[in-house]
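# Coordinates for the following, if possible.
(chains A and B)
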Amino acid sequence: MTTRSPSISRRALFGGLAATTGVLAAPSFLRHASAQAAYPSRNMRVLIPTGQGGGAEKLARSFDAAWSKLLGKPFEYEFHAAAGGQVGYTLYVEKREKNGHNLLFGNMGPEMIMYATQKPTYKFPQDFTYFCRTDIDDSCVFVRRDSPIKDVKALVEAAKRRPLNVALSRIPHPATIGMMALADATGAKFNYIPYGGGNPSFMAMLSGETEVGALPIANTLALNDKFRILGVFNETNIFAAQTDNAPTINGAFGTRIPELSSSRSWAVHTEWADANPQQFDLLQRTAKEAHASPAFREQWVKSGNPVEALVWGDRKTCHDYAEGMVKLALQYEQQLTARGGRK
Amino acid sequence: MDVSTAQLAELFVRSLGLWWVILPGMLLGTIVGILPGFSAQNTLIILLPLTLYMEIESGMAFMISLYCTTQLGGGIPAILFNMPGEGGAVATTLDGYPMTKKGQAQQALVLCFAASAFGGLVTTVATMAALPLLAQLGLYFRSVEMVVVIVFGLTLIAAIAAQDLMKGLIAGFFGLMIGTIGVDPVFGTPRATFGLLELYDGVPLIPALIGLFAISEAFVMLESETIVRNEDLSKAKNARWADTLEGLWLTGRYWWQTVWTSLIGLVIGILPGAGSTVAAFLAYHYSKLLSKTPELYGTGHPPGVIAPESANNGVTSGTLVPVFALGIPGGTTGAIMTIVLTYHGIVLGPRLFIERPEFVYSVYMQMLVCYIFMALMILPLARYMSRVVWIPTRFLVPLILSLVTIAAFSEREYVFDMGLALGFGVIGYIARKTGYEVTAILIGVLMGPLFEQYFLRALRVGQGDPSILFSSTLGNVLWAMVVLALVLPWLRSRRRQGVLAQTVRAGHE
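The predicted structure is shown next:
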């Protein structure tokens, strides 16, 4: 058997390289071209910066029941809950492709407070932009049905005599700021205990470990037979009928505490949104349609949640809300971080 | 809540009719359980679109069978290779693997399967009998009580390290130190993360588990031809059906052990935030503590396999109790099931027991049917699976290493976790070679963050007053049990030494 040593001319080598590069690059080019032509061209991947089974997942899945039909693509989810959402946001900004197929579904309230207090590496609104607010979930203060505290004034009176333990989802949260603002305005003393989520906070209330709870109202209403809502941190209580006409905190005390709600929104990379205005417009338009669709609302109500909380908001509304939350967090930074906590 | 016997019988028959989802769920659960790094939670999340699409009854049957069987599957690699497939199977390695090394892999697997199946059956029946009552149990365990439960778990470090207490404590403290990495549970401030995003959530359990157990054990395995000692290999190869049946007989002999340790699992399953790993360790700890032959634990003693396996399956029954009774899930698995239930419009909480009690019982009936199917699998599964250990380590180790390295990646999909697992593998290997217990390190890694979380919370509830830790009756009873757990082995050894000394003296005289 004879072997022939291979000899390749320079022209053949460069020709071959050019052809190989062309063949390798073609799918990428075609994919890019087809992505430009037809968007979305593949499944939507959603990063949720909170844990599985929480309010965000319930809402996102109810929403995608309508939105996925409008976009013609199914949604896939991943969850990165660590550090109050910081890990999820950082991963989204730094590690997910900026192609409009990667979305983030976040809770703007607590996550903007975390952004303001923990100073992560990503920047808002340069790195990502919220574009479709799905709901407004007002923060509320509540007690157990069998509690001797019957209204919010009695609560403050009791908290003036001795510090009351308050169950919270986390320290950097709109409901926490609400309680801090209430304490500042009335001289009440509250002892803040973060339980890492709504469910463990409810358990702490039911077990009697804490006397008061401060959480978003939607999930609290789902346990209406166990808890009495005493007050709401907003200008109006849209759930007056379900909460025995619980007053707003500002109404009860004449305070001027800003609106403190959790508000979830879809977000996308700003760089992609600015570079692809038509596709971003499609995303915004279909999201608005999905929000108004009966499919979403029916699924949300079927999950035991109040339809009144579903309030749509556009990119500007979301932006203003997020900026407002950052300002508020900076006001309370000392109390919301370990530096102030030690004092 | 009234459900007649006739209705229960009907539900049982209907659940049997769901075999077409239960059996695939069980198959998948066994595979997921065997592979370290693939958890029931992650699999349920991946399959959520499917379960949301299914009818609620078949969706729940599928999820439950997958979840319950995962616990059983986790015990298989723990026994055969000293590599727990799930956190709940770590304690199974303590006696399961020594049995394998002695050529008793079949018996150990039967013990594991039988304890899982019968433990699961016991707790499912117990839950059906006392569901509303059990729901109240979770409300008695507040932060203070949970601190004591975790402290009790931590005392296991001392029990495991009975041979060399100082080394055991060093390993435990090393694990606790690793456990403090990540953001603090109150303000979310990063500690010792070195700016690495992957460490913000703390050192992840799965890569630590894979490294400390699977990778380090794979390194150790390479030092011999087969897992089973040469002198015991022929015994293992000649094992017959009679040997398989011996495992079943042993389970029957220790039936009471199966019952009470599975009930520990049930209670822990109801408590929020604890889970099967804590349950298995506590059950093992109690089993050793109350045994007449505690010195046999760690040498391949059957109750050392039964206790953790029945406990981790007991947890499965408890998981759904707070979901159904209160509408509040205690952990991730419960939360995923809550998503499916609410998606289908099931109203959870006390109203469920008034409006649709038959639905609650149907879910537990599906669990019961799953455990009955599991019981039927015991003998053939144990007999044929145990043969894996005959394979020479030169083939087995590369296969294991490649599988577990991928598994380390699978949970969070971070390449970082593969490196972390290898790092823990080296730590585990050094620990094994120098006589430090890897289990003690893992207990520290696992229980440290739990302890910190409950301890800080309890102190905040007490508004900084440490006497809060001794303020509840249940808590104080649990503290007394902790003290007993520490003192009892010492008293026993003193008594034994005393008796021995007397005998020796008598002999001399």
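# Look up how far residue B:281 lies from residue B:201.
As for residue B:201, its distance to residue B:281 is 22 Å (criterion: Cβ to Cβ, to the nearest Å). For every residue, glycine as well, the C-beta is placed using N, CA and C.
# gap between the residue in chain B positioned nearest to chain A and residue A:57?
The minimum distance from chain B to chain A, using Cβ to the nearest Cβ, falls at residue B:335 (2.3 Å). Using Cβ to Cβ, we find residue B:335 at a distance of 8 Å from residue A:57.
# so the residue of chain B closest to chain A touches residue A:197, yeah?
No. The pair residue B:335 / residue A:197 is not scored as a contact, 9.2 Å apart, by Cβ atoms under 8 Å.
# what about stretch A:288-303, start to end distance?
21 Å (Cα to Cα, to the nearest Å).
# Not counting its own residues, what contacts that stretch?
A:58-59, A:61-63, A:65-67, A:69-70, A:132, A:134, A:307, A:310, A:312, A:314, B:342-345 (Cβ atoms under 8 Å, 6 or more residues apart in numbering or on different chains).
# Can you give me the buried ones in that stretch?
Neighbour-count burial for stretch A:288-303 flags A:288, A:290, A:291, A:293, A:295, A:296, A:299, A:300, A:302, A:303 (criterion: 16 or more other Cβ atoms under 10 Å in any protein chain shown).
# Could you do stretch B:462-481 as well?
Applying a neighbour-count criterion of 16+ other Cβ under 10 Å, one finds B:462, B:468, B:469, B:472, B:475, B:478, B:479, B:481 buried in stretch B:462-481.
# for the residues you listed, which one is nearest residue B:379?
residue B:481 (37.4 Å; Cβ to Cβ).
# The one helix or strand that closest one maps to - what's its average pLDDT?
Assigned by DSSP states H and E, residue B:481 belongs to helix B:473-508. Averaging pLDDT along helix B:473-508 gives 76.
# coming back round to it: return every residue with contacts to both of residue B:335 and residue A:197.
A:51, A:54.
# Give me the spatial nearest neighbour of residue 54, chain neighbours excluded.
Looking at chain A here, since you left the chain open. residue A:197 (6.5 Å; Cβ to Cβ, 6 or more residues apart in numbering or on different chains).
# actually chain B
residue B:62 (6.8 Å).
# before we move on, what about residue A:181?
residue A:257 (4.4 Å).
# helix/strand/coil for that neighbour?
coil (DSSP: H, G, I helix; E, B strand; the rest coil).
# just checking, it touches residue A:185?
Yes. Under the criterion of Cβ under 8 Å, residue A:257 makes contact with residue A:185 at 7.0 Å.
# Of those two, give the one with the bigger neighbour count.
The neighbour comparison of residue A:257 against residue A:185 (other Cβ atoms under 10 Å in any protein chain shown) goes to residue A:257, with 22 against 16.
# For the more buried one, give me its contacts.
Contacts of residue A:257 (Cβ under 8 Å, 6+ apart): A:178, A:181, A:182, A:185, A:233, A:249, A:250.
# Repeat that for residue B:65.
B:21, B:22, B:23, B:25, B:26, B:29, B:366, B:370, B:373.
# quick one on the thing from earlier: burial check on the nearest residue to the residue of chain B closest to chain A once chain neighbours are set aside, number of neighbours?
In space, residue B:335 comes closest to residue A:53 once its chain neighbours are excluded; the distance is 2.3 Å by Cβ to Cβ, 6+ apart. A count of neighbours around residue A:53, defined by other Cβ under 10 Å, yields 26.
# Please name the residues that touch residue B:382.
B:106, B:109, B:110, B:113, B:244, B:247.
# Pull the distance from stretch B:28-47 to the chain's centre.
Mean-position distance between stretch B:28-47 and its chain equals 14 Å (Cα atoms, centre = their mean, to the nearest Å).
# got the end-to-end distance for it?
11 Å.
# quick revisit: using CSV, write out every CA atom in the one helix or strand the residue of chain B closest to chain A maps to.
Per DSSP H and E, residue B:335 falls inside helix B:332-343. Provided in CSV are the C-alpha atoms of helix B:332-343 (Å, rounded to 0.1, in the frame of the first residue of the first chain):
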residue,chain,number,x,y,z
THR,B,332,-40.5,23.9,46.5
THR,B,333,-42.2,20.6,45.7
GLY,B,334,-45.3,21.7,47.5
ALA,B,335,-45.2,25.0,45.7
ILE,B,336,-44.9,23.4,42.2
MET,B,337,-47.9,21.2,43.1
THR,B,338,-49.8,24.3,44.3
ILE,B,339,-49.2,25.9,40.9
VAL,B,340,-50.8,22.9,39.1
LEU,B,341,-53.7,22.7,41.6
THR,B,342,-54.5,26.4,41.4
TYR,B,343,-54.1,26.4,37.6
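# all helices for the stretch 301-450 of chain B, in order.
B:302-326, B:332-343, B:350-355, B:357-385, B:393-410, B:415-433, B:438-461 (DSSP state H, counting those that start in this stretch).
# tell me which residues in stretch A:152-165 are buried?
Buried residues in stretch A:152-165, defined by neighbour count with 16+ other Cβ under 10 Å: A:152, A:155, A:156, A:158, A:159, A:163, A:164, A:165.
# returning to what we had before: just the buried members of the contacts of residue B:382?
Looks like these have B:106, B:109, B:110, B:113, B:244, B:247 buried, using 16+ other Cβ under 10 Å.
# Need the pLDDT of the fourth one.
Which is residue B:113. 89.
# My guess is it contacts residue B:378. True?
Yes. Under the criterion of Cβ under 8 Å, residue B:113 makes contact with residue B:378 at 4.2 Å.
# Just the pLDDT for residue A:322.
93.
# In contact with the residue nearest to it when sequence neighbours are not counted, which residues?
Spatial nearest neighbour of residue A:322, excluding adjacent residues (Cβ to Cβ, 6+ apart): residue A:112 at 4.8 Å. Contacts for residue A:112 (Cβ under 8 Å, 6+ apart) come out as A:124, A:322, A:325, A:326, A:329.
# Secondary structure element holding residue A:112?
Short version, using DSSP H and E: residue A:112 is in helix A:108-118.
# List, one by one, the residues from the stretch 1-150 of chain B near chain A.
B:41, B:45, B:48, B:49, B:52, B:138, B:139, B:140, B:141, B:142, B:143 (Cβ under 8 Å from any Cβ of the partner chain).
# Give the buried subset of these as a PyMOL selection command.
To isolate the buried members of those in PyMOL, using 16+ other Cβ under 10 Å:
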select buried, chain B and resi 41+45+48+138+139+141+142+143
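# Now pLDDT too, for the residues of the stretch 1-150 of chain B next to chain A, in JSON lines please.
Listed next are the residues of the stretch 1-150 of chain B next to chain A as JSON lines, based on pLDDT from 0 to 100:
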{"residue": "B:41", "pLDDT": "79"}
{"residue": "B:45", "pLDDT": "78"}
{"residue": "B:48", "pLDDT": "81"}
{"residue": "B:49", "pLDDT": "78"}
{"residue": "B:52", "pLDDT": "83"}
{"residue": "B:138", "pLDDT": "76"}
{"residue": "B:139", "pLDDT": "83"}
{"residue": "B:140", "pLDDT": "86"}
{"residue": "B:141", "pLDDT": "85"}
{"residue": "B:142", "pLDDT": "89"}
{"residue": "B:143", "pLDDT": "91"}
